[in-house]
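K.L.:
Okay, sequence plus prediction incoming.
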2 protein chains.
Amino acid sequence: MEERRTNEIGQEGVSRRQILAGTGALAAGAALSHIGGLISPAMAKDGSTEKWPWPYEKLDPEKTAALAYEEWYRVFCGAAVISSIFGQLREKVGEPYKSFPIDAYIYLEGGQAGWGTICGAPAGANMVFSLIIGPRKPLSDNTIAHEMCVDIMEWYSQSLMPVYMPKNPKVTTELTKTVSNSPLCHVSVGKWMKAANKPLVSPERKDRCARVAASVAYKAVELLNDWKDGKYESTSEFNCGKLHGITGQTNCNECHGSKIPQAPQPPPEEPKKEAKKA
Amino acid sequence: MEERRTNEIGQEGVSRRQILAGTGALAAGAALSHIGGLISPAMAKDGSTEKWPWPYEKLDPEKTAALAYEEWYRVFCGAAVISSIFGQLREKVGEPYKSFPIDAYIYLEGGQAGWGTICGAPAGANMVFSLIIGPRKPLSDNTIAHEMCVDIMEWYSQSLMPVYMPKNPKVTTELTKTVSNSPLCHVSVGKWMKAANKPLVSPERKDRCARVAASVAYKAVELLNDWKDGKYESTSEFNCGKLHGITGQTNCNECHGSKIPQAPQPPPEEPKKEAKKA
């Protein structure tokens, strides 16, 4: 994986920034009437919603974050992010958001059913980007959703969280803030619990996670609004695959210490599909 | 988190095993005509597909695995698992599967856009369980999808992978098998790459991941078929929250070494909502 933002099969994504977002509304129950043209309908397998981009109307980040904060107490982190964005688009746009089963995504909490893998907030945002903007290579040449996923996971990992402060917080004492250096629930929540000295079941930890979900929803809408305005630019530096030859995060030494393993590399005699850029 | 399978807010899920799955088919484009009754329609927020369970017809695990194996080479691990199951249900059942945007889930590959978090195969299976069976507490008392998520992540972590052997493999040499002890892409792929001494871009690594996706699709359909037959029983031992008071996996010492931190615990004076079981 020598190239920037390569995908699973080692192909480099062709960046198409400042691409215009699709517009238009859909009649409820009908197939998508507006096809944004980023992906040929021929690329779509056979689902009636597999034509991208989905219609998007700009949302207010502050309102979205406030909704996500409240929704956390109903459906937890992942579904809160999805609900805060898709819930508004159900009103502003209609289908296909009305038919999207938001509440099922409660399982994203706790890093998916409590396993501490990816935090539900970026997991929810990743899904929202991908559903609205559409898939990347090899299904299309549009890499924007992929870039936004990378952006928000890097932003999540590097930010002093929670960023968002609710107007009417359920916990009124000042909350500890921490940098996770990882999009993983276990790492993000664990570092915060250690710094705050608060247990998982505490109101403070819950409100921290609600504010994290709100922070991510705010950021996600900023990215989507930029895309809608044709001015989205990827900002992330993440490129772990290029450095290490394996999918991964940027906090290698937290688990590996100083002994970061060298991933097996392609043999010199293996033919390269693309010339290596200097 | 004192109770088994507690959720994000520390409530214990009430297990309702051997519950009958919903049946029936849906007219394309219409709202769900059959409501299985596990979750009251009043629980659904407002989405037309937010009524559970979705209609399910039993699938052939072998055929599903073969489809997932082939689909990996089109849409990678997460979307391959989703496509192998929902693609068949589009034919056998129709809606809401026909309207579900399977291909968008290509972003699940590489642990979500290459970040090495949860492997797309269990991430896809978790979504399939949750969409078909429906959300758990506090949205319903049905904990089956949650239990299946835990089951498949534990099974994934403990199995000598890949389990599934395609009838016509794209790589015909014998592939190394490894146990990941984790549902994380980085850990699962990294351990395999080390054992096999094959780079990420190798045909062997790709075919290994295609077979892992197929293995998970096979297992997922076995669980769903058992549920449909009213004989699903959770088999997993995972209960890390109970042991450590934090969301997490079962391989604590792989990152923490012997110094596994003690999570902050609730103070003795904090009132308990539920009596602690001895």
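P.N.:
Structure received. No experiment lies behind these values; they were computed from the predicted model shown.
K.L.:
wait, what's in contact with residue A:111?
P.N.:
Neighbouring residues of residue A:111 by CB atoms under 8 Å, 6 or more residues apart in numbering or on different chains: A:117, A:118, A:119, A:120, A:184, A:185, A:186, B:118, B:247, B:248. C-beta coordinates here come from the backbone N, C-alpha and C atoms, glycine included.
K.L.:
where's the last one, which helix or strand?
P.N.:
Here residue B:248 sits in a region with no helix or strand, counting by DSSP states H and E.
K.L.:
what's the distance between the closest residue to it other than its chain neighbours and residue A:104?
P.N.:
Nearest-residue entry for residue B:248: residue A:116, 4.0 Å, with adjacent residues in sequence omitted and distances by CB to CB, 6 or more residues apart in numbering or on different chains. Look at residue A:116 and residue A:104: by CB to CB, to the nearest Å, they are 21 Å apart.
K.L.:
which pair in the contacts of residue A:111 spans the largest distance?
P.N.:
For these, the farthest-apart pair by CB to CB is A:120 and B:248; their separation is 14.7 Å.
K.L.:
more neighbours, the two?
P.N.:
Using other CB atoms under 10 Å in any protein chain shown, the more surrounded residue of residue A:120 and residue B:248 is residue A:120, with 31 against 28.
K.L.:
Is the more buried one in contact with residue A:77, as I believe?
P.N.:
Yes - judged on CB atoms under 8 Å, residue A:120 makes contact with residue A:77 at a distance of 3.5 Å.
K.L.:
Name the residues contacting each of these two.
P.N.:
By CB under 8 Å, 6+ apart, the residues touching both residue A:120 and residue A:77 are A:108, A:109, A:213.
K.L.:
Would you check that residue A:207 makes contact with residue A:172?
P.N.:
No - at 9.4 Å, residue A:207 and residue A:172 do not qualify as touching, with contact defined as CB under 8 Å.
K.L.:
and those two? which has more neighbours close in?
P.N.:
A count of neighbours by other CB under 10 Å puts residue A:207 above the other of residue A:207 and residue A:172, at 21 against 8.
K.L.:
Contact partners for the more buried one?
P.N.:
Shown in contact with residue A:207 (CB under 8 Å, 6+ apart): A:169, A:170, A:171, A:175.
K.L.:
That one: which element?
P.N.:
helix A:203-228.
K.L.:
Now that helix: buried residues?
P.N.:
Within helix A:203-228, the residues scored as buried using 16 or more other CB atoms under 10 Å in any protein chain shown are A:204-228.
K.L.:
If you rank the contacts of residue A:207 by neighbours, which is first?
P.N.:
Neighbour counts for the contacts of residue A:207 (other CB under 10 Å) peak at residue A:175, which has 19 neighbours.
K.L.:
Check what pLDDT that residue gets.
P.N.:
Note for residue A:175: predicted pLDDT of 98.
K.L.:
same check, this time on the one 10 residues further on
P.N.:
Model confidence at residue A:185, expressed as pLDDT, equals 97.
K.L.:
For the closest residue to it other than its chain neighbours, what are phi and psi?
P.N.:
Leaving aside its sequence neighbours, residue A:185 sits nearest to residue A:111 (CB to CB, 6+ apart; 3.0 Å). Backbone torsions for residue A:111, taken as degrees, to the nearest 10, come to phi 70, psi 40.
K.L.:
how close does residue A:111 get to residue B:112?
P.N.:
Residue A:111 is 12 Å from residue B:112, by CB to CB.
K.L.:
Common neighbours of the two, please.
P.N.:
Counting by CB under 8 Å, 6+ apart, the residues touching both residue A:111 and residue B:112 are A:118, B:118.
K.L.:
tally of neighbours for residue A:237?
P.N.:
When neighbours are counted by other CB under 10 Å, residue A:237 comes out with 9.
K.L.:
show me what contacts the closest residue to it other than its chain neighbours?
P.N.:
Excluding its sequence neighbours, the residue lying closest to residue A:237 (CB to CB, 6+ apart) is residue A:154, at 6.9 Å. Residues near residue A:154 by CB under 8 Å, 6+ apart: A:236, A:237, A:238, A:250.
K.L.:
among the helices and strands of chain A, which has the poorest mean pLDDT?
P.N.:
helix A:240-244 (a mean of 67; mean pLDDT, DSSP states H and E).
K.L.:
Quick one: name the residues of the stretch 151-278 of chain A near chain B.
P.N.:
Counting by CB under 8 Å from any CB of the partner chain, the stretch 151-278 of chain A comes close to chain B at A:153, A:183-186, A:189-190, A:193-194, A:196-202, A:206, A:209, A:238, A:240-241, A:245-249, A:254-255, A:261, A:263-266.
K.L.:
Tell me which of the residues you listed fall in strands.
P.N.:
Using DSSP state E, the subset of those located in strands is empty.
K.L.:
Now the buried members of the residues you listed.
P.N.:
Listed as buried from those are A:153, A:183-186, A:189-190, A:193-194, A:196, A:198-202, A:206, A:209, A:238, A:240-241, A:245-249, A:255, A:263-264, A:266; burial here means 16+ other CB under 10 Å.
K.L.:
got CSV for the shared contacts of residue A:120 and residue A:77, with pLDDT too?
P.N.:
Formatted as CSV, these follow (pLDDT from 0 to 100):
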residue, pLDDT
A:108, 98
A:109, 97
A:213, 98
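K.L.:
from the residues you listed, which is closest to residue B:132?
P.N.:
Using CB to CB, these come closest to residue B:132 at residue A:108, 16.1 Å.
K.L.:
Would you mind listing where the stretch 101-250 of chain A has pLDDT under the threshold?
P.N.:
A:240-243 (pLDDT under 70).
K.L.:
list the contacts for the residue nearest to residue A:88 when sequence neighbours are not counted?
P.N.:
In space, and not counting its chain neighbours, residue A:88 is closest to residue A:59: 5.4 Å by CB to CB, 6+ apart. Contacts for residue A:59 (CB under 8 Å, 6+ apart) come out as A:85, A:88, A:89, A:92, A:221, A:224, A:225.
K.L.:
Pretty sure residue A:145 sits against residue A:130.
P.N.:
Yes - under the criterion of CB under 8 Å, residue A:145 makes contact with residue A:130 at 4.6 Å.
K.L.:
anything in contact with each of the two?
P.N.:
Applying CB under 8 Å, 6+ apart, one finds that residue A:145 and residue A:130 are jointly contacted by residue B:107.
K.L.:
picking up where we left off before, quick one: contacts for the residue nearest to residue B:248?
P.N.:
A:110, A:184, A:185, A:186, A:187, A:189, B:240, B:246, B:247, B:248, B:249.
K.L.:
give me that answer again for 7 Å
P.N.:
Shown in contact with residue A:116 (CB atoms under 7 Å, 6 or more residues apart in numbering or on different chains): A:110, A:184, A:185, A:186, B:247, B:248, B:249.
K.L.:
And it, how close does it get to residue B:72?
P.N.:
From residue A:116 to residue B:72 the distance is 26 Å (CB to CB).
K.L.:
Please apply the same query to residue A:124.
P.N.:
Remark: distance between residue A:124 and residue B:72 (CB to CB) = 24 Å.
K.L.:
Run through the helices of the stretch 51-200 of chain A in chain order.
P.N.:
Secondary structure of the stretch 51-200 of chain A (DSSP state H, counting those that start in this stretch): helices at A:61-92, A:120-133, A:144-158, A:185-196.
K.L.:
gap between stretch A:103-120 and the chain center?
P.N.:
Stretch A:103-120 sits 14 Å away from the centroid of its parent chain (CA atoms, centre = their mean, to the nearest Å).
K.L.:
How about stretch A:205-223?
P.N.:
Worked out by CA atoms, centre = their mean, stretch A:205-223 lies 12 Å from the chain centre.
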